[in-house]
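Undergrad: predicted structure and sequence below. I'll ask about it afterward.
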Amino acid sequence: MSKSSGPSEPSARRTHDATCLELGATETSIGITIPRYHNTSKWQFSTLCRRDVHEGDTTQQSPYHASRSVGGFCGFATFLTVSSNAASSSSHSSWRARSRNLSGWGFAFSADSGFTGGMYRLYVDEVGTDDLTHTVKDHHRYLSLTGVAMRVDYSGAELTPNMNWIKLNVLKHDPDTPIILHRKDIMARKGGFQCLNDPVVADRFDRSIMRLIKGADYRVMTALIDKQWMLKQQHWSKTHPYHYLMEILVEKFVQFLERQRAIGDIMPESRQGKPDQRLQQAYSDVREAGTTFIPKARIASAIRAAKLKFREKKENVAGLQLCDLLAHPSHIYVRQQMGHAVAPGAFCQRVCTALTESKYDRASGSGKIVGYGIKHLPQ
């Protein structure tokens with residue numbers, strides 16, 4: 001980072017302008033007090049006075065020290081933003097507009113690059129298995145991939161600290177041994193979720209998670225295939241369900257990125273070994289051949305990385321944990337649209353409602369979800 005001719009940060013004269021930023025919905029609006037450095041272009045630290053993601057009350061927090069990192073386990077978050085002389089004047093621009101200048105995170109785009117919407121990541125989780133030998137059984141017959149498209153800088157600066165707040169203040173976990181939000185463990189009340197056997201804690205957790213799901217800024221895309229039906233398609237050249245699901249997901253993600261004038265990459269949760277290899281092969285095949293509607297040049301332009309960015313559950317990636325919470329409800333919703341007799345539970349239905357109201361990707365004019373946020377085979 002280049003040095004300024006002005007005074008050093010510790011001794012710089014500061015003023016504080018209160019700036020109110022909104023995070024997707026009014027129920028998760030937050031207030032931020034931003035220290036402004038004069039006559040210099042330096043990193044600024046924005047100390048968050050955050051609204052409790054569960055209760056809706058606001059608590060004034062003391063400033064964090066400048067050495068604290070983004071995404072700390074606390075009741076508030078300290079964010080890094082890049083400012084210039086012009087940016088030091090009072091502003092009420094949104095977080096999304098402000099975060100587009102995060103060159104320090106490696107996501108800045110030149111004016112002539114054509115990509116002004118930033119860097120998105122598609123976090124991917126699956127429901128079902130790619131096994132083709134037990135398709136008679138209903139719970140083995142259907143496989144889906146769900147992707148959560150989110151700006152990378154937003155994930156680090158907003159999603160991660162909000163999720164950490166829930167873990168610390170509701171689940172009371174040890175921040176040095178972080179708990180991983182995993183739907184199956186939550187449902188079974190195991191793996192650190194035994195506290196949810198207390199109805200009061202369980203209710204607070206459910207409401208906190210729903211506020212996170214509703215308030216965060218992301219879009220969801222789910223592709224689902226009936227494997228039994230697929231095996232009957234003798235004219236199909238590909239014989240693995242991952243190929244068709246990855247083709248749909250890549251196609252929808254590229255179209256989404258083009259609408260945002262952005263680029264992106266794809267991060268699936270690792271299944272280890274051969275499942276990861278098969279998913280990577282399916283992705284490579286799609287990049288090489290393109291799809292019916294998206295030629296390979298457009299795919300390569302929007303999704304630059306040739307390799308999927310696999311991450312394990314234990315790596316505590318907030319985007320993958322959010323995707324884990326959304327994937328099963330979305331799977332159930334898509335099957336409902338296919339006319340299947342599936343009955344979602346109460347919490348699952350609340351998540352489905354949030355998805356259909358605002359989180360599924362959709363046509364900008366008509367609001368159509370099918371073909372954007374969801375697609376299933378057979379259609």
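TA: Nice, I can see it. Numbers count the residues shown, from 1 in each chain.

Undergrad: could you chop the protein up by domain?
TA: 9-105, 119-377 (automatic domain parsing).

Undergrad: give me whichever of those domains is most buried.
TA: domain 119-377 (a mean of 18; mean count of other CB atoms under 10 Å). Bear in mind the C-beta positions are built from the backbone N, C-alpha and C, glycine included.

Undergrad: how long is that domain from one end to the other?
TA: 30 Å (CA to CA, to the nearest Å).

Undergrad: the helices in this protein, which residues?
TA: Applying DSSP state H to the chain gives helices spanning 95-99, 138-141, 152-154, 160-169, 183-188, 199-215, 227-231, 241-260, 274-289, 296-302, 318-337, 346-354.

Undergrad: is it possible to get CSV of those that adds distance to residue 360?
TA: Output for the helices of the chain, formatted as CSV (distance: least, CB to CB, whole Å):
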stretch, distance to residue 360
helix 95-99, 19
helix 138-141, 23
helix 152-154, 18
helix 160-169, 21
helix 183-188, 19
helix 199-215, 12
helix 227-231, 23
helix 241-260, 11
helix 274-289, 22
helix 296-302, 20
helix 318-337, 8
helix 346-354, 10
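
Undergrad: export those as CSV, with columns for mean pLDDT and distance to residue 118.
TA: Output for those, formatted as CSV (pLDDT from 0 to 100; distance: least, CB to CB, whole Å):
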stretch, mean pLDDT, distance to residue 118
helix 95-99, 41, 7
helix 138-141, 80, 39
helix 152-154, 97, 7
helix 160-169, 96, 17
helix 183-188, 96, 29
helix 199-215, 97, 20
helix 227-231, 83, 36
helix 241-260, 95, 8
helix 274-289, 94, 22
helix 296-302, 97, 13
helix 318-337, 97, 15
helix 346-354, 96, 24
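
Undergrad: remind me which residues of the stretch 51-200 of the chain are low pLDDT?
TA: Scanning the stretch 51-200 of the chain with the threshold set as pLDDT under 70 gives 51-115.

Undergrad: in it, which spans are strands?
TA: 78-82, 119-127, 142-151 (DSSP state E, counting those that start in this stretch).

Undergrad: and of the ones you listed, who's closest to residue 169?
TA: When the strands of the stretch 51-200 of the chain are compared by CB to CB, strand 78-82 sits nearest residue 169, at 16.8 Å.

Undergrad: the closest residue to residue 246 other than its chain neighbours: what's it in contact with?
TA: Of all residues not flanking residue 246 in the chain, residue 282 sits nearest, at 4.1 Å (CB to CB, 6 or more residues apart in numbering). Residue 282 sits next to 240, 242, 243, 245, 246, 247 when contact means CB atoms under 8 Å, 6 or more residues apart in numbering.

Undergrad: if we use 6 Å, what do you get?
TA: Neighbouring residues of residue 282 by CB atoms under 6 Å, 6 or more residues apart in numbering: 242, 243, 246.

Undergrad: ok, the last one touching residue 284?
TA: So that's residue 246. No - counting by CB atoms under 6 Å, residue 246 sits too far from residue 284 to count as a contact (9.4 Å).

Undergrad: surely residue 221 is in contact with residue 147?
TA: Yes - the criterion here is CB under 6 Å, and residue 221 meets it with residue 147 at 4.7 Å.

Undergrad: for residue 124, what are its contacts?
TA: Counting by CB under 6 Å, 6+ apart, residue 124 touches 145, 147, 268.
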